[in-house]
Every structure is written in structure tokens, then in C-alpha cells.
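In: Pasting a predicted model and its sequence here:
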There are 2 protein chains.
Amino acid sequence: MTLPGEFALIARHFRKLAGPGALDLADDAALLDPPPGRQLVLAADAMVAGVHFLPEDPPEEIGRKLLRVNLSDLAAMGAVPLGYLMTTALPPGTPEAWLAGFVAGLAADQAEYGLSVLGGDTVSIPGPTSLSLTILGHVAPGAALRRAGARPGDEIWVSGSIGDGALGLRVLQGKLPADAGGHLARRYRLPQPRLALGQALSGLARAAMDVSDGLVQDLGHLCRAGGCGAVLRADAVPLSPAAAALLAGDPALLPLVLGGGDDYELLFAAPSGEAAEVAARAARAGVPVTRIGAFVEGAPEVQVLDAAGAPLTLPRLGWSHF
Amino acid sequence: MTLPGEFALIARHFRKLAGPGALDLADDAALLDPPPGRQLVLAADAMVAGVHFLPEDPPEEIGRKLLRVNLSDLAAMGAVPLGYLMTTALPPGTPEAWLAGFVAGLAADQAEYGLSVLGGDTVSIPGPTSLSLTILGHVAPGAALRRAGARPGDEIWVSGSIGDGALGLRVLQGKLPADAGGHLARRYRLPQPRLALGQALSGLARAAMDVSDGLVQDLGHLCRAGGCGAVLRADAVPLSPAAAALLAGDPALLPLVLGGGDDYELLFAAPSGEAAEVAARAARAGVPVTRIGAFVEGAPEVQVLDAAGAPLTLPRLGWSHF
């Protein structure tokens, strides 16, 4: 069965996602009383079939990934989720079951992360499914984590593990063997926005961002924003057991791990004397963190060192459209 | 010349649109201090090449239309524009000149309507250009115009003129002859969001919305939201001279005029004794308004009458995707 009319579709599927202020998705716009005394945090990320997800990915996980990549932007600012607006451009032959699954995934993550839909638009497209989400969150005034602020001597930290998403995509494409537990593919399809960690780092991290385009490239963004360089110790970068096993079998995968993107981990700078405090806050947030290098004086460039301290040259430095 | 890398593209084109809070589009999210004591108004509309605009439309006007259809949603709520986030999914072969024109159009309308970009995302798409915009505005608490509220006896009003957009699309498609002044095509490409009128109607109009899917269908939405019927006098519907001339030559165009959509005028209900006040406020806002019928007791249906008072049956009742 393909899609019913636009209005039936909104009533049957999207309305169940609507929260306070969404006016049942039946008005021209949503009304929102902003949380008193807070700053709003706003971001928007788009996802296109065949570019950001595989058309055959389960629709539940596409919905969840769309929400989570946006939640990851809120996490990078230390913000608390508030709500979102979403536009979906769907090819005319889209099965209604696909849409039902997509909405079920969104509903599950709305419950998990405590936000709801405020509004949006649903249109047809003579091309691939094209999704866009604008997310709203809030922070105490002045408390947002920012990309600028790292200083020479600050330590570089990263949450969770790096490389799983990029490896997982290759597993799903049949270019790499799957791990037994399916960990890598799951990490590609279902990022873990580090909201609790981002909120816990406010007032402690000097700079932060989420890793979406590749660790080395994104670290370069922190360098340019802070006006300093960085030295990254490749052997210190945290790997999942599945990623470590693949890398042990084929060391040529290292550039993909360090530069492939789709990690959605937090990358941040903290003063060198604060390691214990960083660890304590991360433990309370329930998210592992690892020190992987330091910011240094000099040009805004990233130097990657191997286990012996020798410079590594990486052929691939992150994802860019076009 | 086709597009440079994603980051160069943001720096070269989109950054000039960034306003306060956008953090130069160089952070993970924007930071916004909401206007104290105001409610936020939020809407999102998407536009796809070949569906909502013609691929050969001037890029300046595509940018302006994208912003204006969203501004029209703010107008329908009586809101003041604040800012917007935008995602653009562009085919890899997009000429950089196209993007420069698109951004120039947005810049012109940012100046005209007093808002700026807060954030967004730019991605590639193996398909048609797919644009999405989320707009933010604000109103005094409780002052927003809503779709629900029309009561039997209230008069139906509409701003500007109806049918130009739908006729203009047919002119651009070569299905209808162009008018000498190019008015109809211009109205299709460049809607006029009725912001001043929407703000002026707060506290007076009982219900309001913008006409985007066709006058008759959208009036039906006001009926369903208000739990009443409506009688629409076709001969009272305001037409531009160009639309009137076409209709005089071919009366069979009436269903297209009344149901074709792309008008972006305000449709609203006002108490029957308030015609002079409506007219006075509209005059101060600089927007012509016309009474075109009345809400009535009964089922939430729209009855269209001809000049002799006889019921008209319209074959086409508005636009729906899918």
C-alpha cells in the first residue's frame, strides 16, 4: 500500500508524535513558551537516502538516526532537548509501512530523550527520500559548550569509541566482514548522542564538538577555532573490541577509523590538571572518556603520532559533501 | 563551475546570511536569547524542484519563495519574524552561480522582513534540489491567531487577490497565455507574506490561516477547526486584473482560481459587526481585504455560490501531495 493523502497521513502517523505547543499539527505553526531564564540552542541536520543512510536500512532506525544526529549537536553544546520540527520529502511509491516504521522509531527516541515534535511538512519528491530536522534545546545563559576555547596545554578527550560508524557502513556495504555481535553495523545505524556527558562538562571543558565528519578533521575544527595546534596519539584513540579486531587484522584501516566519520562522540578540550574531575563527571554521566592527546602552540594543524611517537600521514581526512 | 567543498561553500555563501546567535555558522548549534515575555512561533516548510518550483526559475526567486512561504505561516499566526534555519540538499552538478543567486535572494528578503539565518546544513543529493526551512517568530502570550474559533455568523475575509499563483504556474508551463505585465508569473514565484496584516488582526480575527492549498480547501480547514459550515460567494472573491481578464475569456478557469493554491493570502473570520474595524486595520497594514462570505451553522463544509446565488460544484478542491 502506498501513501494516502497528505492530510490523512499527518493525522494517521505524525500526530501521535506531537507534544505540547504542536497544536495537534493542525495549525499554521506551533506555539512554544521558552523555558524562563534559559538560552535556546538550535541546530538542523538533513539526511538523504543513499548519502546518509542506506535505502534498505530499517525505517525505525532511519527515524532514530535522524533524531540522534541532531541530538548529538545539542549534546556538543551541553544542552537539554526541548523539541523539534521535521520535513520529509518522500518518493510517491513510499509504502505506508515504511512511514509507520519511521514514525515508530521517532516515537521510541522521543520517549528515550524526552522531547516531542512541534511541527513540520510532508511533501513528495521525484527522487530519493530527503529528510530534514531542526532541533531545539536549552542551556543556562552563557553555559553552552563552544568550539572555540582550547588553549595550548589543554588535553584532548573523546567519549566512547571511534571508528565504529565508518567501519559499520563498510560492513553493511559488504566491503568488510561483519563482527559476530553486529556491533559495528548497529553503531552506524544508531548513534548514541552524549547528552548527559555534554551537560556534565559545562564549566569544565574549554571547547567541545561532536565527531561527525571524522576525528582528525573535527579536531582540526577545534584547532582553527582555538588558534592552536594539536598532537593526537593514534594508539590512545579508544576502539571497540570489534574495531580493534578488524584493525589488528588490517592496519591499513587506521585512516578510516581516524577519519571516516559517523562517530557522534564528543571531542573536547579540558585543562591538563582536571583529568580526575573530567573522569568523575563522565562516570556520573555513564559515558566512558579517554585522553587522546594535547593541544599545542602553533599553526592550527593536527599532528598524528604512532605508538612510537613518529608522525603518521593519513591519506583521508574526513567527509565533505561535493 | 560546480560546487566547492562543503566548508568553503558555507564560508563563501551562507556565512553572509548569519545573524546574532548564529555563531558564524561555525559551531554545532546556534544560541538564541528568546525575546522576554513572548511566545515563540515555529513552522517548517519544504520545497522540491519540479514540485514546488520550476528548476529553471531564477535562483534568487527560489530563495525568496522558500523564505516567504514560511513567513506566510508566521503571518497567519500574527507573529513577528525572528530567524530561521535552513537545510539545502543540492545535486552534485549544481553551478556555484546558482547557489550565489539563491543566497542573494535570501539576503534581499532577510533585509526586507527583518530576520537572519541561525543555522542549517548543506548536503548532496542524487536527485532534485530539496530545500527545507524552519522559521521562528514571536507573539505576545495568547495573542496568536489560530485556525479554530470561527462561529456561525462570522464573516469570511481574504487579503489581496486569489488565483494568481495557480494561473501564474500555468503561464510558466505554457498552458495559459502570459499577461502583458508578467503579474501572474511573478505572483507564482514571489508570494507576499501578509505579516503586517496578521499582526494587525490580533484580538479581532476569530480564526485565521494562510491560503496555500487552495481557497476552498483551506476554508474547509477553518470550518472543521471551528465546527461550522461556510458559504462562499464566488463573485466576491478578489481577482487581479490579469486573473479577471483570463477568467472572462474562459469561465472554466474558475475551479483553478478557487482551488489551485499558491496564493499565500490570509483567510480569516471576523465578527459581523466589525467590518469597519477590519477595514481600518487592513488599511493601516497597507493590505487590501475583501469579504467573501460567511460562516454558517451546520456540517463543516464549504458551499460555493455563483453570482445568482445558485450552488456551484467545483471539480478540483485543492492540492495534496501523494
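Out: It's in. Residues are numbered from 1 along each chain as shown, chains lettered A, B, ... in the order given.
In: From residue B:258, how far off is residue A:118?
Out: Residue A:118 sits 32 Å away from residue B:258 when distances are taken as CB to CB, to the nearest Å. Bear in mind the C-beta positions are built from the backbone N, C-alpha and C, glycine included.
In: repeat for residue A:117
Out: 32 Å.
In: now residue A:76
Out: Relative to residue B:258, and taking CB to CB, residue A:76 is found at 50 Å.
In: Of the two, give the one with the bigger neighbour count.
Out: Between residue A:76 and residue B:258, counting by other CB atoms under 10 Å in any protein chain shown, residue A:76 is the more crowded of the two (33 against 25).
In: isn't there a helix covering the more buried one?
Out: Yes. Under DSSP: H, G, I helix; E, B strand; the rest coil, residue A:76 sits within a helix.
In: quick one: residue A:15 and residue A:25 touch, right?
Out: Yes. With contacts counted by CB atoms under 8 Å, residue A:15 reaches residue A:25, the gap being 5.5 Å.
In: Tell me which of these two has more neighbours.
Out: Under the neighbour definition other CB under 10 Å, residue A:15 and residue A:25 were set side by side, and residue A:25 has more, 18 against 15.
In: the helices in the stretch 201-322 of chain A, which residues?
Out: A:215-226, A:241-249, A:254-259, A:275-285 (DSSP state H, counting those that start in this stretch).
In: Check the stretch 51-200 of chain A too.
Out: Applying DSSP H, counting those that start in this stretch to the stretch 51-200 of chain A gives helices spanning A:59-77, A:96-113, A:164-172, A:183-189, A:195-200.
In: Can you tell me which helices and strands the shortest one packs against?
Out: So the one you mean is helix A:195-200. Packing partners of helix A:195-200 (3 or more CB pairs under 8 Å, 6 or more residues apart in numbering or on different chains; DSSP states H and E): helix A:59-77, strand A:80-90, helix A:275-285.
In: what would these look like in TSV with distance to chain B?
Out: Compiled in TSV, these are given as follows (distance: least, CB to the nearest CB, whole Å):
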stretch	distance to chain B
helix A:59-77	4
strand A:80-90	4
helix A:275-285	18
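In: Take the ones you listed and lay them out in JSON lines including distance to residue A:240.
Out: Converted to JSON lines, these look like this (distance: least, CB to CB, whole Å):
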{"stretch": "helix A:59-77", "distance to residue A:240": "18"}
{"stretch": "strand A:80-90", "distance to residue A:240": "26"}
{"stretch": "helix A:275-285", "distance to residue A:240": "17"}
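In: Make JSON lines from the ones you listed and add mean pLDDT and distance to residue B:36 to it.
Out: Listed next are the helices and strands packed on helix A:195-200 as JSON lines, based on pLDDT from 0 to 100; distance: least, CB to CB, whole Å:
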{"stretch": "helix A:59-77", "mean pLDDT": "97", "distance to residue B:36": "22"}
{"stretch": "strand A:80-90", "mean pLDDT": "97", "distance to residue B:36": "18"}
{"stretch": "helix A:275-285", "mean pLDDT": "98", "distance to residue B:36": "32"}
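In: give me every residue that touches residue A:193.
Out: A:68, A:69, A:71, A:72, A:74, A:75, A:113, A:210, A:264 (CB atoms under 8 Å, 6 or more residues apart in numbering or on different chains).
In: hmm, 10 Å instead?
Out: Residues near residue A:193 by CB atoms under 10 Å, 6 or more residues apart in numbering or on different chains: A:67-76, A:81, A:109, A:112-113, A:210, A:264-266.
In: Can you pull the phi/psi pair for the residue of chain A found nearest chain B?
Out: Residue nearest to chain B within chain A (CB to the nearest CB): residue A:127, separated by 2.4 Å. With angles defined as degrees, to the nearest 10, residue A:127 sits at phi 180, psi -160.
In: right, and it touches residue B:128 too?
Out: Yes. Taking CB atoms under 10 Å as the definition, residue A:127 is a contact partner of residue B:128 at 4.9 Å.
In: Spit out the residues that contact these two alike.
Out: With CB under 10 Å, 6+ apart, residue A:127 and residue B:128 have common neighbours A:89, B:48, B:49, B:50, B:51, B:89, B:91.
In: Need the buried ones from those residues selected in PyMOL.
Out: Only the buried entries of the shared contacts of residue A:127 and residue B:128 go into this PyMOL selection, using 16 or more other CB atoms under 10 Å in any protein chain shown:
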select buried, (chain A and resi 89) or (chain B and resi 48+49+51+89+91)
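In: sorry, back to before: which stretch among the helices and strands packed on helix A:195-200 comes nearest residue B:240?
Out: Residue B:240 sits nearest to strand A:80-90 of all these, at 30.8 Å, using CB to CB.
In: Just checking: what are the partner strands of that closest one?
Out: strand A:116-124 (parallel), strand A:130-139 (antiparallel) (DSSP bridges).
In: Would you mark the buried spots in that strand?
Out: Quick answer for strand A:80-90 (16+ other CB under 10 Å): A:80, A:81, A:82, A:83, A:84, A:85, A:86, A:87, A:88, A:89, A:90.
In: Spit out the contact partners of the second one.
Out: Okay, so that is residue A:81. Taking CB under 10 Å, 6+ apart as the test, what residue A:81 contacts is A:41, A:67, A:70-71, A:74-75, A:110, A:113-116, A:135-138, A:193, A:195.
In: Leaving out the residues flanking it, which one is nearest to it?
Out: The shortest distance from residue A:81 to any residue other than its chain neighbours is 4.1 Å, reached at residue A:115 (CB to CB, 6 or more residues apart in numbering or on different chains).
In: what's the answer for the third one, then?
Out: Spatially, and ignoring its direct neighbours in sequence, residue A:82 is nearest to residue A:136 (4.5 Å; CB to CB, 6+ apart).
In: Ok, the fourth one next?
Out: Leaving out its chain neighbours, the residue that sits closest to residue A:83 by CB to CB, 6+ apart is residue A:118, at 4.5 Å.
In: can you count the residues close to that neighbour?
Out: When neighbours are counted by other CB under 10 Å, residue A:118 registers 29.
In: Kindly check the end-to-end length of stretch A:225-237 for me.
Out: Terminal residues of stretch A:225-237 are spaced 22 Å apart (CA to CA, to the nearest Å).
In: List the buried residues in it.
Out: A:225, A:226, A:228, A:229, A:230, A:231, A:232, A:233, A:234, A:237.
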